[in-house]
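Asks: A structural model of the following input is requested.
(chains A and B)
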Amino acid sequence: MIETNLDSVAQQSAFRHINTGTKLILALGSLILCLISPSPVVPLISGIVLSLVLIIPGRTSPLLYRELLLGPAIFAIMSVVILLFMLGGGDVIWRFNPVPSVNLTITEGSLHEGLLVLCRVFGCSVSLFFIALTTPMTDLFNGMKRIGIPIELIDLMMIIYRYIFILIDQAVEIWHAQVMRLGYSRPMESIRSFSMLCGMLFISTWNAGEDLIHAMDCRCYDGIIPSLDQAEPVQMRSLIPVLLYLAGLSGILLVMTTRVVVLS
Amino acid sequence: MSVILEARDIRYRYPGSLEAIKGISFHIRQGEKIAFVGPNGAGKSTLLQMFNGMICPDSGTILFNNEPNRYDSPSLRQLRKRVGYVIQNPDRQIIAPTVYQDVAFGPANLRYDEQAIRQAVALALQHVGLEGFERRPPHQLSGGEKKRVAIAGVLAMDPDVLVFDEPTSGLDPSGSEDLMELLDELNHEGKTVIISTHDVELAYPWANRAILLLDGRILQEDVPDVAFGNPDHVRRAHLSVPTLLDLSQELGRRGFAQPERKPRSVLDMINIIENLLTRSCGNSNPGTISVCDIDKAFDTPLAAWISSRQNLAVGAMGTRAKQRASQEQLTLEFTYGVIDKCILRALRGQNSLILTTSSMAGRVVTRVEAYCQESGTAITVIPLNTTNDSPITGLANEEVKENDSSY
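Replies: Numbering: from 1, shown residues only, chains lettered A, B, ... in the order given. Predicted coordinates for the structure are as follows:
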């Protein structure tokens, strides 16, 4: 399960014990800078730097990381190919006439825009993966509580997080049982099996819900789900490099923005 | 011992279903180890859920500490604090996304202050040997670890009675043995422990009393050798006679005289066989059992002390003792039934060392003394930490052996 893997990877990350706030400042800061940058340089640098940080000191498996990046990469490349032909501006670089009335062109402007979108997707994806691969959900719940998100919402998220893995395990078990008895051998059979799987999961979820209430009652539930009040302290040796990095990235962004303004 | 739980002619019917409990009465004394044994559908789980008020009987009364259970919210909270219930499937019992949060669930809802919650969680996790697991999410734990988290969640509320529904289901044999030892440890600390099971081999050596259930009624209630010794009842309850009891009965049927007290362990069986063979197999010079209390200081590093003795088997009793052994990288030969196995070694003339905690150390001496009195053997128990203590032998009139160099 990729979901299990992501959470497990985050649990075992070398950055696991760095303050969640510091990691969020780095990831969200990079994300914002990538989004507002008019030049592809800033997202490209951000993506490469964060990737290297994740793989070398963060000890994230390069194979897993490549697999993770493949999803957004395929999506981004497909979108960029369309953007290259849709957007215009500047000199024509390449022209293609598959049929007489259809004229497909790639211009300097569309190439720049396409490159910008590709780099932004790369930079933003890496920023989000940085959070996913270094910060387990349980730390994020803590962070949410600290910034004042309603406790009811966090409690609900915690219970969903706890039970989603059980639900996935059950779905996999049922699916295996169906596959073993050739449940997905024909299209009609697949539809029937899948609907049975959904039905079984619904019943099982209903039962699990009743058991959850029993389990909570057994332990005197009175509206409190305790929080894991063990947040890592803010450490200057991690916060200062993060701030310096973001300042550097902002500096590059400023230079690139000025250049873009001057050129235009 | 005072009666802590009592049922008086209780009956219960699930809505739209057959009667699950058909008039059951029994009592459980404080500090007892009780096993409810019966086939699937006998009503074990239903009955267990009545102990902490999860199910209210249709008729009859359940009493806790001689007070009839009341089913209003404050009374139920009080009852559930005193009677902890561990569900069969730990995945259904563990609610929170981390071990710490789950164990803290009970104390937080009992409105303990922050410091008391931390203390209760730390103690409970120490008890079940899961220190350092606080931030782990439950889905990354093994079946045995999840079971321990579920137990810690209940222990954190410090109940007087612990109720376990099928405690070893889904666990591998080693995990089951560890868990049963944990139940023993908890019982030794004064908790009343009640389990439901259909595993007679598990219930027979462990329980003080076994209550056989069939079809919502009590079939028999007695000490395990009597409860499981009636082949007719055992057959009717879709169970089987425990192997040791079966062997003892078979020997009796073949004309070998059997003692009044039936064998509950391999040690008991060996004792019976040795007596039958008029001690011809017995070793005239039994080995010794050293006891190291891990809560007390010990001058020499344990590993060095052990390696300086030849042919010494090491066993650990209790979770903390096992952890200590693991920290010191000691190879443990026995992790459950440790005292009996060490006595068996001593009978073969071999020496052993038991690592244990202060609370359990006295149990070694008591058990060895009881065995020695019963069998007329003299096995020396040597406390290692208390340097001034003399070795203790099972028989007062036997000469105490010195802590010699024969290790």
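Asks: Mind pulling up the pLDDT for the residue of the stretch 1-150 of chain A found nearest chain B?
Replies: Across the stretch 1-150 of chain A, the shortest distance to chain B (C-beta to the nearest C-beta) belongs to A:T138, at 4.9 Å. C-beta coordinates here come from the backbone N, C-alpha and C atoms, glycine included. Looking at A:T138, its pLDDT is 83.
Asks: Quick check: which element contains it?
Replies: In this assignment (DSSP states H and E), A:T138 forms part of helix A:137-146.
Asks: What strand or helix carries B:D225?
Replies: helix B:224-227.
Asks: Oops, could you answer that again for B:G315 instead?
Replies: Counting by DSSP H and E, B:G315 is part of strand B:312-316.
Asks: Quick check: buried residues in that strand?
Replies: B:L312, B:A313, B:V314, B:G315, B:A316 (16 or more other C-beta atoms under 10 Å in any protein chain shown).
Asks: from memory the fourth one sits against B:C342, does it?
Replies: In this case it means B:G315. Yes: assessed by C-beta atoms under 8 Å, B:G315 is found in contact with B:C342 at 5.9 Å.
Asks: Common neighbours of these two, please.
Replies: B:F334, B:S352, B:I354 (C-beta atoms under 8 Å, 6 or more residues apart in numbering or on different chains).
Asks: Tell me the buried residues within the residues you listed.
Replies: Here, 16+ other C-beta under 10 Å leaves B:F334, B:S352, B:I354 buried among the shared contacts of B:G315 and B:C342.
Asks: ok, now which ones touch the first one?
Replies: So that's B:F334. B:F334 is in contact with B:A313, B:V314, B:G315, B:A316, B:K341, B:C342, B:S352, counting by C-beta under 8 Å, 6+ apart.
Asks: Just the closest of those to B:P231, please.
Replies: B:P231 lies nearest to B:K341 out of the contacts of B:F334, by C-beta to C-beta, at 29.5 Å.
Asks: What's opposite the residue nearest to the closest one when sequence neighbours are not counted in the beta bridge?
Replies: Counting by C-beta to C-beta, 6 or more residues apart in numbering or on different chains, B:K341 lies nearest to B:F334, which is 4.6 Å off, once chain neighbours are set aside. Counting by DSSP bridges, B:F334 forms beta bridges with B:G315.
Asks: Give me the pLDDT for B:F334.
Replies: 82.
Asks: For chain A, see how far away it is.
Replies: Using C-beta to the nearest C-beta, to the nearest Å, B:F334 is found at 34 Å from chain A.
Asks: and the residue lying closest to B:V223 once chain neighbours are set aside, what is it in contact with?
Replies: With sequence-adjacent residues excluded and distances taken as C-beta to C-beta, 6+ apart, B:V223 is closest to B:R209, at 6.0 Å. By C-beta under 8 Å, 6+ apart, the contact set of B:R209 is B:E32, B:K33, B:I34, B:A35, B:E221, B:D222, B:V223, B:P224, B:A227.
Asks: do that again at 7 Å, thanks
Replies: Listed by C-beta atoms under 7 Å, 6 or more residues apart in numbering or on different chains, the contact partners of B:R209 are B:E32, B:I34, B:E221, B:D222, B:V223.
Asks: now B:V241
Replies: Shown in contact with B:V241 (C-beta under 7 Å, 6+ apart): B:F228, B:P231, B:V234.
Asks: Any stretches of the stretch 101-250 of chain A with poor pLDDT?
Replies: The stretch 101-250 of chain A contains residues with pLDDT under 70 at A:229-231.
Asks: So the chain: which segments form each domain?
Replies: If you meant another chain, say so; for now it's chain A. A:2-135+A:234-263, A:149-218 (automatic domain parsing).
Asks: oops, chain B please
Replies: B:3-239, B:244-276, B:288-393.
Asks: Reformat the ones you listed as CSV; add distance to A:W206.
Replies: Formatted as CSV, the domains of chain B follow (distance: least, C-beta to C-beta, whole Å):
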stretch, distance to A:W206
domain B:3-239, 13
domain B:244-276, 43
domain B:288-393, 37
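Asks: among these, which is nearest A:P57?
Replies: Nearest to A:P57, of the domains of chain B and by C-beta to C-beta, is domain B:3-239 at 21.0 Å.
Asks: Now stretch B:8-15: buried residues?
Replies: Buried-residue list, stretch B:8-15, by 16+ other C-beta under 10 Å: B:R8, B:I10, B:Y12, B:R13.
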